[in-house]
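K.L.:
sequence? don't have it. structure:
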């Protein structure tokens, strides 16, 4: 399942909370973040959560958009989500890692991108033997303030064989 992916702020912070940013490196050949996402993370996100882990992840490649964002993206999404989709289009990378529902829907239905979320990364990591317990990881993320809907948790645990 190795491949290139463009990542938004949320999934980076979510996995940094549980000390598992390495899962991105192990599951994908290349992990890119747009400069806008990089800036959001450096600004501290939620109480600086994940900042130290992110700074150590030298394998995450920061890219500046060289094209103007589609006006739809600029008006419909926040700058991080919009730049993730914009960078995916610019680099011709078909996969994005976004947790926010509206951005996922736009990426998938309007731009034809394959969308991953943090929960799917955890399931894939377990399938590859990189993570022992998805439920524990999800609980740690939620306890630290990372919002994941109950319905997503239930579906994720079912897919991970932990339901």
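P.N.:
Ah, there it is. Remember, it's a predicted structure, so these values are computed and weren't measured experimentally. Numbers count the residues shown, from 1 in each chain.
K.L.:
from here on, just use CA atoms for contacts and neighbour counts.
P.N.:
Noted.
K.L.:
which helix runs longest in the chain?
P.N.:
If you go by DSSP state H, the chain has its longest helix at helix 79-91.
K.L.:
let me know the outermost residue of this structure.
P.N.:
Distance from the C-alpha centroid of the chain peaks at residue 163, with 23.5 Å (C-alpha atoms, centre = their mean).
K.L.:
any idea how far residue 125 is from that residue?
P.N.:
17 Å (C-alpha to C-alpha, to the nearest Å).
K.L.:
what about the strands in this structure?
P.N.:
Under the criterion DSSP state E, strands of the chain are mapped to 4-7, 30-34, 60-63, 95-97, 114-116.
K.L.:
now the third one: average pLDDT?
P.N.:
Okay, so that is strand 60-63. In this model, strand 60-63 has an average pLDDT of 97.
K.L.:
direction included, what does it pair up with?
P.N.:
strand 30-34 (parallel) (DSSP bridges).
K.L.:
need the residues that contact the strand it pairs with.
P.N.:
In this structure, residues lying in contact with strand 30-34 by C-alpha atoms under 8 Å, 6 or more residues apart in numbering are 3-8, 24-25, 59-65, 80, 83-84, 87.
K.L.:
list the contacts for the residue farthest from the centre of the chain?
P.N.:
Per C-alpha under 8 Å, 6+ apart, neighbours of residue 163: 154, 157.
K.L.:
low-confidence ranges in this structure?
P.N.:
Along the chain, segments meeting pLDDT under 70 span 1-2, 44-49.
K.L.:
now the helices: where do they sit in it?
P.N.:
Going by DSSP H, the chain shows helices at 9-17, 22-27, 35-42, 51-56, 71-76, 79-91, 101-109, 118-127, 134-143, 150-159.
K.L.:
now these in a markdown table, with mean neighbour count?
P.N.:
Output for those, formatted as a markdown table (neighbours: other C-alpha atoms under 10 Å):
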| stretch | mean neighbour count |
| --- | --- |
| helix 9-17 | 23 |
| helix 22-27 | 17 |
| helix 35-42 | 19 |
| helix 51-56 | 15 |
| helix 71-76 | 13 |
| helix 79-91 | 23 |
| helix 101-109 | 17 |
| helix 118-127 | 20 |
| helix 134-143 | 17 |
| helix 150-159 | 14 |
